[in-house]
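1. give me a 3D structure for the following:
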Amino acid sequence: MDIATCAAGWLLTAAALACAPGVVRAQPESDTLALAEAVSEARAANPMLRAARLRADAAFARVPQAGALPDPMLSFALGNRPLDDFGTGEPMTMNTLSLSQTLPWPGKLGFAERSEAHRAEAMALSALELEVWLVSRVKTVYYDIAAMDRALAIMEETRELLREFLDVSNTLYAVGEGLQADVLQAQVAVASLTEDVTAIEQHRLAMVARLNALLGRGPERPVPAVELPEPGDELPDIHGLLTLAAEHRPALRAARQRVEAEEAAVRAAHRAIYPNLTLGAGFAQRPRFTDMLTLSVGISLPLWAGSRQLPMRDEARVRQAAEEAAELDLLNETYARIAGARAESGRARRLHDLYTTSIVPQARAAVESSLSAYRVGEVDFMTLVQNELTVNRYEIERVRLTAAYHAAVAEIEALIGGPLEDAR
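-> Predicted coordinates for the structure are as follows:
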């Protein structure tokens, strides 16, 4: 048996094993960073989420302040003292102690407190919105890293096979039974795949740094192999998702709270023109005469209502209208994004199934066919290499479609404000 026949037989055996349906390509070793672990760590350690929660706590601390009465005024005076000796010999000399309290018109403080309460609740819901999007972002980056790990495993295996092809082509050329063009083409294929591997490895480093930032870690922390489950079942219908989003998305609930806050602010602004009441009591101690008691009642006069209280009403109404418009825009944007994400998940899932059941098996069959044809001299060496690279490209695309499906599902979960299982 000559060298060419032996080499062709080896190529047929090696590539057939690599493309056989029952042979699973090398995968990364056991996963060491579970998705649930990454999500839990992000919720506990992400500094931006912590800042949002603290801002919400600060907003709740402002609620009782808005409903509290103004501080009472306590004053002490030494009245009618002569400048020459500052004594107490004058009949009008007195030492006075007075206390006054301003009482706002009924409803002013109540509506102000109600407005702040709605704003605080909106801040808390905004923190929750940040949390669900943080989880979505963690999942997206996590699945991107998982897809790159699988792609690298596929490319490494393909590169090793191409290197074996290169060795065989070198052997055949050395004994005069191969072409130099085959050697050069094999070298180019190996170098090109090495370039792709290097690019993905560097991109993985960048994505690892991004995931570490989301988890509140330093950028140098390594992230080993991670999970990449197969796409799930068909997602719920669009109407069910939209209903869940309208009821549960934190951002929409926060927008409603802001509208209600401005409604309370409008009612408070309408009461701003009503006078405040000030009650006072004073005690005058007179060294040479009978002590005296003073009681007083005062009201504020809205003399500048045209430039103060009335514009406050206009401002409050405009702010309420603005919040209502923002709420409607957010609702429309939410619906549009859900529709887009659901369409993307369906596209990724259907294409993944197509690659799994049809495209990849057919590409593998093309490799086996070209091997058989190469063995009898019916196709050239480069056809064999290109067919193997085609299988490599299709398998990587299938992995990317898997990650795209999970990223779309993660976006939908953020838009509906919770796990997708609630919509099934």
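
2. from here on, just use CA atoms for contacts and neighbour counts.
-> Will do.

3. by contact count, what packs against the strand or helix carrying Gln386?
-> Gln386 is part of helix 381-416 when elements are defined by DSSP states H and E. Contacts defined by 3 or more Cα pairs under 8 Å, 6 or more residues apart in numbering; DSSP states H and E place helix 381-416 against helix 108-174, helix 180-214, helix 238-248, helix 309-354, helix 360-375.

4. try it again at 10 Å.
-> helix 3-19, helix 108-174, helix 180-214, helix 238-248, helix 250-271, helix 309-354, helix 360-375 (3 or more Cα pairs under 10 Å, 6 or more residues apart in numbering; DSSP states H and E).

5. hmm, Glu411 and Arg337 touching each other?
-> Yes: between Arg337 and Glu411 a contact is recorded at 8.6 Å, counting by Cα atoms under 10 Å.

6. before we move on, the earlier item: tell me which of the helices and strands packed on helix 381-416 lies nearest to Thr278.
-> The closest of those to Thr278 is helix 108-174. By Cα to Cα, the value is 14.8 Å.

7. got the angle between that closest one and helix 250-271?
-> Helix 108-174 and helix 250-271 are oriented at 160 degrees to each other (axes from the mean of the first three to the mean of the last three Cα atoms, to 10 degrees).

8. chain center to helix 108-174: distance?
-> With Cα atoms, centre = their mean, to the nearest Å as the basis, helix 108-174 stands 11 Å off its chain's centre.

9. re the thing from before, what about Arg337 and Glu411, which has more around it?
-> Higher neighbour count among Arg337 and Glu411: Glu411, with 24 against 15, using other Cα atoms under 10 Å.

10. leaving out sequence neighbours, find the closest residue to that one.
-> The shortest distance from Glu411 to any non-neighbouring residue, by Cα to Cα, 6 or more residues apart in numbering, is to Ser136 (5.9 Å).

11. list the buried residues of the helix holding Gln386.
-> Within helix 381-416, the residues that count as buried by 16 or more other Cα atoms under 10 Å are 381-382, 384-416.

12. tell me which residues touch the closest residue to Ala339 other than its chain neighbours, please.
-> Excluding its sequence neighbours, the residue lying closest to Ala339 (Cα to Cα, 6+ apart) is Ile238, at 6.7 Å. Ile238 makes contacts with 244, 335, 338-339, 342-343, as judged by Cα atoms under 10 Å, 6 or more residues apart in numbering.

13. tell me the SS of His220?
-> Small correction: residue 220 is Glu, not His. coil (DSSP: H, G, I helix; E, B strand; the rest coil).

14. how near is it to Val138?
-> Note on Glu220: its distance to Val138, by Cα to Cα, to the nearest Å, is 17 Å.

15. those two: which is more packed in?
-> The neighbour comparison of Glu220 against Val138 (other Cα under 10 Å) goes to Val138, with 24 against 10.

16. quick check, pLDDT for the more buried one.
-> On pLDDT, Val138 comes in at 96.
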